[in-house]
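Colleague: could you look at this predicted model? Sequence included:
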Amino acid sequence: MNAVEIKELYKSYEGGKIKALNGINLTIKQGEFVSIIGPSGSGKSTLLNMLGALDIPDSGTINVNGHDLKTSKKLNEFRSKKIGFIFQLHNLIPNISVVENVEIPMYTQKLSSKEMRFRALKLLDDVGLSEKSKILPNKLSGGERQRVAIARALANNPSIILADEPTGSLDSKTSSKILKQLIDLHEDKNVTLIIVTHDMDVAKLADRVIEVLDGEIISAGDDSLINSKIDV
Ligand SMILES: Nc1ncnc2c1ncn2[C@@H]1O[C@H](COP(=O)(O)OP(=O)(O)OP(=O)(O)O)[C@@H](O)[C@H]1O
């Protein structure tokens with residue numbers, strides 16, 4: 001089964017002046033790990049936003065896990081139950097504790113508060129942060145916050161994870177740890193993992209590297225591009 005099927009997807013901004021996506025066609029299989037690379041402004045985040053049903057295309061079709069994102073009436077439910085977001089801009093809520101942040105996506109499920117807490121603590125334990133569950137996010141390091149974001153992204157057992165520069169601001173040790181967690185999840189639970197990155201060392205870990213330029217896919221998995229220099 002395909003996790004993602006995109007056909008002739010177009011998205012422009014500013015009355016058509018900025019063509020962010022310019023006829024994207026893309027298929028990603030369930031359980032595949034792909035990375036999306038390309039220069040700044042090439043349309044990577046716009047594509048990821050479309051996949052997460054956070055933005056609406058001008059034309060074309062986009063189907064994620066069997067849901068047509070242009071016509072589906074249950075987008076909110078789909079988004080919160082099926083997709084795990086690890087986005088830089090999806091910050092943690094500062095005035096509630098780490099464990100409460102992880103519980104947020106669970107509010108769409110019919111779980112008791114005891115069940116939510118149990119599950120959130122288990123997720124925090126999995127990312128090595130059970131001892132920090134009661135503190136506020138601003139007491140954490142960047143890497144720890146990113147690990148909380150991962151725990152939160154996994155709260156509803158998503159079948160697809162969308163990560164925008166998940167290791168962007170982290171040191172190499174923390175970055176490896178975070179990537180290992182994501183890859184373990186992809187391997188153990190057959191989760192589809194889609195990572196946008198500028199870092200070729202990260203991109204190379206994927207089953208397939210998709211290269212975007214000027215809103216178009218110029219390669220959807222050609223190995224020869226893995227070692228090519230990306231202008232960022
Ligand atoms: N909400 C918006 N309004 C207007 N223009 C936008 C909007 N979002 C993106 N753009 C423009 O669309 C183009 C693609 O942007 P996008 O953020 O998808 O690129 P990107 O490849 O993710 O870049 P970066 O690597 O710098 O994050 C850029 O020219 C950007 O300025």
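Modeller: Noted; the coordinates are in hand. Numbering: from 1, shown residues only.
Colleague: what's the longest helix in the protein?
Modeller: Longest helix of the chain, by residue count under DSSP state H: helix 172-189.
Colleague: mind listing what's buried in that helix?
Modeller: Neighbour-count burial for helix 172-189, counted by 16 or more other C-beta atoms under 10 Å, picks out 174-175, 177-179, 181-183, 185-186. Glycine gets a C-beta too; all of them are placed from N, C-alpha and C.
Colleague: residue 81: which of the residues you listed is nearest?
Modeller: Of all those, the one with the least separation from residue 81 (C-beta to C-beta) is residue 185, at 16.6 Å.
Colleague: measure the closest residue to the closest one other than its chain neighbours to residue 74 for me?
Modeller: With C-beta to C-beta, 6 or more residues apart in numbering as the criterion, residue 185 has its nearest non-adjacent residue at 5.3 Å, and that residue is residue 191. Look at residue 191 and residue 74: by C-beta to C-beta, to the nearest Å, they are 21 Å apart.
Colleague: need the strands for this protein, in chain order.
Modeller: Using DSSP state E, the strands assigned to the chain run over residues 2-13, 18-29, 33-37, 59-64, 67-68, 83-86, 160-164, 192-196, 208-213, 216-219.
Colleague: how about the first one: buried residues?
Modeller: Read that as strand 2-13. Residues of strand 2-13 classed as buried under the neighbour-count rule (16+ other C-beta under 10 Å) are 3-6, 9-12.
Colleague: the least confident helix or strand in the chain by mean pLDDT to strand 59-64, inter-axis angle?
Modeller: When the helices and strands of the chain are scored by mean pLDDT, DSSP states H and E, helix 75-82 comes last with a mean of 83. Computed with axes from the mean of the first three to the mean of the last three C-alpha atoms, to 10 degrees, the direction of helix 75-82 lies at 40 degrees from that of strand 59-64.
Colleague: buried stuff in helix 75-82?
Modeller: Of the residues in helix 75-82, those buried under the neighbour-count criterion (16+ other C-beta under 10 Å) are 75, 78-80, 82.
Colleague: which residues are in contact with it?
Modeller: Contacts made with helix 75-82 from outside it, assessed by C-beta atoms under 8 Å, 6 or more residues apart in numbering, are listed as 52-54, 64-65, 67, 69, 72, 105, 108-109, 156, 158-160.
Colleague: likewise stretch 8-15?
Modeller: Here stretch 8-15 has contacts from 18-25, 43, 46, 50, 55, 57-62, 215, using C-beta under 8 Å, 6+ apart.
Colleague: could you do stretch 207-214 as well?
Modeller: Outside of stretch 207-214, the residues within contact range by C-beta under 8 Å, 6+ apart are 19, 22, 26, 32-39, 42-44, 47, 203, 217-222, 225-226.
Colleague: at 6 Å instead, please
Modeller: Under the contact criterion C-beta atoms under 6 Å, 6 or more residues apart in numbering, stretch 207-214 has outside partners 32-38, 42-44, 203, 218-221, 225-226.
Colleague: if we can go back for a sec, out of the buried residues of strand 2-13, what pair is the most spread apart?
Modeller: Farthest pair in the buried residues of strand 2-13 (C-beta to C-beta) is 3 and 12. Separation: 25.9 Å.
Colleague: so what's the closest residue to residue 9 other than its chain neighbours up against?
Modeller: On the basis of C-beta to C-beta, 6+ apart, the spatially nearest residue to residue 9 that is not a chain neighbour turns out to be residue 60, at 3.6 Å. Contacts for residue 60 were tallied using C-beta under 6 Å, 6+ apart; they are 7-10.
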